[in-house]
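# fold the following.
(one chain, ligands or ions: 1)
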Amino acid sequence: MEILDGKLVAKNIIEEVKTEVANLKEKTGKVPGLTVVIVGEDPASQVYVSSKDKLANKVGIKSNLEILSENVSEAKLIEKIEELNRDTDVNGILVQLPLPAKFDTWKILSKLSPEKDVDCFLPESVGNIILNRAKIFPCTPSGIVKILDNYKIDIQGKNVIVLGRSFIVGKPIAAMLTNRSATVTICHSKTKDLKGHLKNADIIIAAIGIPGFIIDDMVKDGVILVDVGINRLDKKEEVLDMCSEKQIKLFDKKGYAITGDIHKTAFKKSSFYTPVPGGIGKMTVAVLMENTVHLFKEQNR
Ligand code: NDP
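The predicted structure follows:
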């Protein structure tokens with residue numbers, strides 16, 4: 001089993017973005033701008049958002065966090081998005097999901113200007129992905145494809161199971177891998193004989209949000225495992241069961257551990273796997289920077 005090292009591949013992307021931002025600054029006198037809008041105080045979202053902000057600053061992108069109270073009205077939130085749409089210093093806008101339950105997520109997202117849709121949430125962006133006409137791709141699915149490409153993993157003709165059908169991960173990655181000539185099956189909570197599907201897979205992309213869900217007897221020898229899940233574990237017995245030695249040591253220091261949707265016993269049967277942390281999460285944030293630079297260039301042609 002070989003690790004698909006998201007930290008390393010992301011580092012290379014980040015270096016390239018940093019160089020490109022410096023070149024763009026020299027050429028145009030401007031730098032790309034990214035705004036993340038976060039509503040409410042979901043602790044996981046706050047961690048993601050602060051890592052995006054830190055990385056943007058590191059690569060020279062002008063990062064702006066719009067932190068709005070959970071009590072903000074729908075009209076005010078829409079007004080904020082429309083203001084950002086008009087702001088020429090903002091090239092990419094990301095509305096951090098999930099939004100608090102009182103909001104109609106699609107109504108809010110539909111207010112985003114398609115040219116600033118940095119994580120490809122809008123129907124227009126999704127349509128372009130399905131039609132294989134997209135210039136940028138949603139950050140997490142794009143991170144998955146880039147890490148597989150980086151390790152020269154052949155996708156064509158492979159049986160791929162995508163576990164989870166969210167519009168953020170499952171559906172777009174299924175379309176993207178279909179366009180790369182994989183044979184893709186999407187599985188979800190209503191799938192019959194899930195184990196049978198998983199056992200037949202050459203590549204499994206797990207994005208369901210259940211810690212250690214996929215265990216060794218669900219996968220075949222030599223499978224390639226891509227673990228998108230980010231789950232927080234607070235109980236020592238769960239950490240001992242699911243996590244690596246390194247993670248167990250970290251748990252003793254921090255009092256919690258982060259793990260994916262795939263159990264460590266399944267990794268042992270794989271030919272390649274992405275770890276959590278240090279896998280797709282790192283790729284996702286790096287691609288966000290890359291997408292922001294792309295939108296800046298499109299808007300400054
Ligand atoms: P959602 O939480 O929106 O959806 C979960 C999906 O899993 C649904 O399609 C659901 O099926 C399916 N599912 C739930 N339980 C089962 C089950 N027992 N058997 C089979 N399928 C099941 O997914 P997200 O894509 O938003 O997130 C998934 C995970 O990925 C989370 O841990 C999240 O934190 C992580 N994530 C990580 C990112 C990264 O950067 N690494 C980025 C985005 C997400 P159904 O549709 O039938 O309900």
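
# check contacts around residue 224.
Residues near residue 224 by Cβ atoms under 8 Å, 6 or more residues apart in numbering: 148, 153, 202, 203, 204, 270, 271, 272, 273. (Each C-beta comes from the backbone N, C-alpha and C, glycine too.)

# and of those residues, the nearest to the ligand?
The ligand has its nearest neighbour among these in residue 204, at 11.9 Å by Cβ to the nearest ligand atom.

# what's the closest one sitting at in phi/psi?
Phi and psi for residue 204, reported as degrees, to the nearest 10, are phi -120, psi 130.

# what sits closest to residue 172 if chain neighbours are left out?
Closest residue to residue 172 apart from its sequence neighbours, by Cβ to Cβ, 6 or more residues apart in numbering: residue 141 at 4.5 Å.

# isn't residue 72 up against residue 39?
Yes. Between residue 72 and residue 39 there is a contact under Cβ atoms under 8 Å: 6.2 Å.

# show me which residues of the stretch 1-150 of the chain sit near the ligand.
Contacts of the stretch 1-150 of the chain with the ligand, taken as Cβ under 6 Å from any ligand atom, map to residue 140.

# give me the residue from the stretch 1-150 of the chain nearest the ligand.
Closest approach between the stretch 1-150 of the chain and the ligand, counting by Cβ to the nearest ligand atom: residue 140, at 4.2 Å.

# buried ones from the contacts of residue 224, can you make that a ChimeraX selection?
Buried residues within the contacts of residue 224, by 16 or more other Cβ atoms under 10 Å, are selected in ChimeraX with:
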select :148,153,202,203,204,270,272,273
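
# among the contacts of residue 224, which are in helices?
When the contacts of residue 224 are checked against helices (DSSP state H), the matches are residue 148.

# was I right to think residue 279 contacts residue 230?
No. The pair formed by residue 279 and residue 230 falls short of the contact definition of Cβ under 8 Å, at 9.7 Å.

# so what sits against both of these two?
Taking Cβ under 8 Å, 6+ apart as the criterion, residue 279 and residue 230 both touch residue 260.

# more neighbours: which of those two?
Shown here are residue 279 and residue 230; by other Cβ atoms under 10 Å, residue 279 has more neighbours (28 against 21).

# just give the closest residue to the more buried one, not the sequence neighbours.
For residue 279, ignoring the flanking residues on the chain, the nearest one in space by Cβ to Cβ, 6+ apart is residue 6 at 4.0 Å.

# list the contacts for the one you found?
Counting by Cβ under 8 Å, 6+ apart, residue 6 makes contact with 143, 147, 274, 275, 278, 279, 280, 281, 282, 283.

# buried subset of those as a ChimeraX selection?
A single ChimeraX command selects the buried members of the contacts of residue 6 (16+ other Cβ under 10 Å):
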select :143,147,274,275,278,279,280,281,282,283
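
# farthest pair in the contacts of residue 6?
The largest separation in the contacts of residue 6, counting by Cβ to Cβ, is between 143 and 275 at 13.7 Å.

# neighbours of residue 65, how many?
For residue 65, using other Cβ under 10 Å, the count is 16.

# in the helix or strand encompassing residue 8, which residues are buried?
When secondary structure is defined by DSSP states H and E, residue 8 falls within helix 6-28. Going by neighbour count (16+ other Cβ under 10 Å), the buried part of helix 6-28 is 6, 9, 10, 13, 14, 17, 18, 20, 21, 24.

# do stretch 293-301 as well
For stretch 293-301, burial by neighbour count (16+ other Cβ under 10 Å) applies to 293, 294, 295, 296, 299.

# next: stretch 255-262.
Buried residues in stretch 255-262, counting neighbours by 16+ other Cβ under 10 Å, are found at 257, 258, 259, 260, 261, 262.

# mind putting these into TSV with distance to residue 218?
Output for the buried residues of stretch 255-262, formatted as TSV (distance: Cβ to Cβ, whole Å):
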residue	distance to residue 218
257	22
258	22
259	17
260	14
261	11
262	9
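
# ok, so of the residues you listed, who is nearest the ligand?
When these are compared for distance to the ligand (Cβ to the nearest ligand atom), residue 261 wins out at 6.5 Å.
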